[in-house]
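Engineer: Curious how this folds, go ahead:
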Amino acid sequence: MSRGLAAAGVSVDDLLYANKPEEKIKHLLAHSLQNSYLSTHVAYAFLSMGIFVAVKLLHQRKMLTLISPDATFQLKRFGLGFGVWFAIASVQTLIEFLYNRTAFIWNFQPSVWLAFLPWAIVCTPIQTTAEELLFRGYFLQGLGCLTRQPTVLAIASSLPFAIAHFGNPEMGRGAEWVALTYLLMGIFLVLITLKDDRLELALGVHAANNLFVVLIVNTQDSVLPTPALIMQQIPSDPRFTIVALLSGIAIFYGLVFWPHRRPDE
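Structural biologist: Purely as a prediction, here's the structure:
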């Protein structure tokens, strides 16, 4: 049947969305977003495989040793990092919205957002996990063989993380300030990894941060254009972003590590 339709110059979409031009446009948009998002994130799947090969064959270690000394993964610790950071991002965005409502517009398109949702849930953690395994796992542990100074480890492993994001469109808001934001985020992820002596918190924070952007509140100049629920038309002043990031870091650290909690609690 499909060959017959193709020969007649008629697609399945033409039949499904006949007399529904708006629905057809939404369907095509969702399909395009899915393909674009998948193609963008395929590289991270290969990066993860490359790290696996290096750890398994070159270093003769279990992959999970990049996450914890005992080669285990604590889902509760991951969930804690994810939940706390997602909540912090939500509250900070609400505060910014109340301060400048004209900067935000409601962008929810049910059919497009729901079609994109599973791709975001699958692809985004692949990206963030690959980056964490590389920067806060492989690089950090390698540097740990040379020095035990937390400050040196944090800066040295965060610089490559920040540099990897220098090509993002957001740099146009103010390169030096946005670069500092990426550097501070990298240092934060290193510090909670060193404090916890495990990677799950950093994995959770990074996944929450990116999923919040691609699904909840995105910006028009984002490196990842997505059908987020809310679109921020006027990006935040990068200096304000740094202040918000530092306050978020302080709140996260206080909630997770004070009073002091062991990873298994």
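Engineer: Show me the strands in this structure, by range?
Structural biologist: For the chain, the strands defined by DSSP state E occupy 104-106, 217-219, 230-232.
Engineer: Using JSON lines, lay out these together with distance to Pro69 and mean pLDDT.
Structural biologist: For glycine as for every other residue, the C-beta is placed from the backbone atoms N, C-alpha and C. Shown next, in JSON lines, are those (distance: least, C-beta to C-beta, whole Å; pLDDT from 0 to 100):
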{"stretch": "strand 104-106", "distance to Pro69": "44", "mean pLDDT": "95"}
{"stretch": "strand 217-219", "distance to Pro69": "36", "mean pLDDT": "93"}
{"stretch": "strand 230-232", "distance to Pro69": "40", "mean pLDDT": "94"}
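Engineer: Now tabulate those in TSV and tack on mean neighbour count and distance to Phe166.
Structural biologist: TSV is the format used below for the strands of the chain (neighbours: other C-beta atoms under 10 Å; distance: least, C-beta to C-beta, whole Å):
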stretch	mean neighbour count	distance to Phe166
strand 104-106	11	27
strand 217-219	20	17
strand 230-232	19	21
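Engineer: Out of those, which gets nearest to Phe73?
Structural biologist: When these are compared by C-beta to C-beta, strand 217-219 sits nearest Phe73, at 29.1 Å.
Engineer: Now do that closest one: which elements does it pack against?
Structural biologist: strand 230-232 (3 or more C-beta pairs under 8 Å, 6 or more residues apart in numbering; DSSP states H and E).
Engineer: what does the strand it packs on rub up against?
Structural biologist: Strand 230-232 is contacted from outside by 93, 103-108, 216-220, using C-beta atoms under 8 Å, 6 or more residues apart in numbering.
Engineer: Let me see the contact set for the residue nearest the centre of the chain.
Structural biologist: For the chain, the residue nearest the mean C-alpha position is Asn210 (2.7 Å; C-alpha atoms, centre = their mean). Residues counted as contacts of Asn210 (C-beta under 8 Å, 6+ apart) are 124, 127-128, 224.
Engineer: Tabulate the strands of the chain (a markdown table), appending distance to Val243.
Structural biologist: Below are the strands of the chain laid out as a markdown table (distance: least, C-beta to C-beta, whole Å):
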| stretch | distance to Val243 |
| --- | --- |
| strand 104-106 | 19 |
| strand 217-219 | 18 |
| strand 230-232 | 17 |
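Engineer: between the ones you listed, which one is nearest to Ser39?
Structural biologist: With C-beta to C-beta, the closest approach to Ser39 among the strands of the chain belongs to strand 217-219: 18.3 Å.
Engineer: Give the partner strands of the closest one in its sheet and their orientations.
Structural biologist: Strand 217-219 sits in its sheet next to strand 230-232 (parallel), going by DSSP bridges.
Engineer: list the contacts for the nearest residue to Ile155 once chain neighbours are set aside?
Structural biologist: Counting by C-beta to C-beta, 6 or more residues apart in numbering, Ile187 is the residue found nearest to Ile155 once chain neighbours are left out, at 6.8 Å. With contacts defined as C-beta under 8 Å, 6+ apart, Ile187 is in contact with 154-155, 158.
Engineer: Same question for Leu189.
Structural biologist: Leu189 makes contact with 132, 135-136, 158, 161, 202, 205-206, according to C-beta under 8 Å, 6+ apart.
Engineer: No further questions, thank you.
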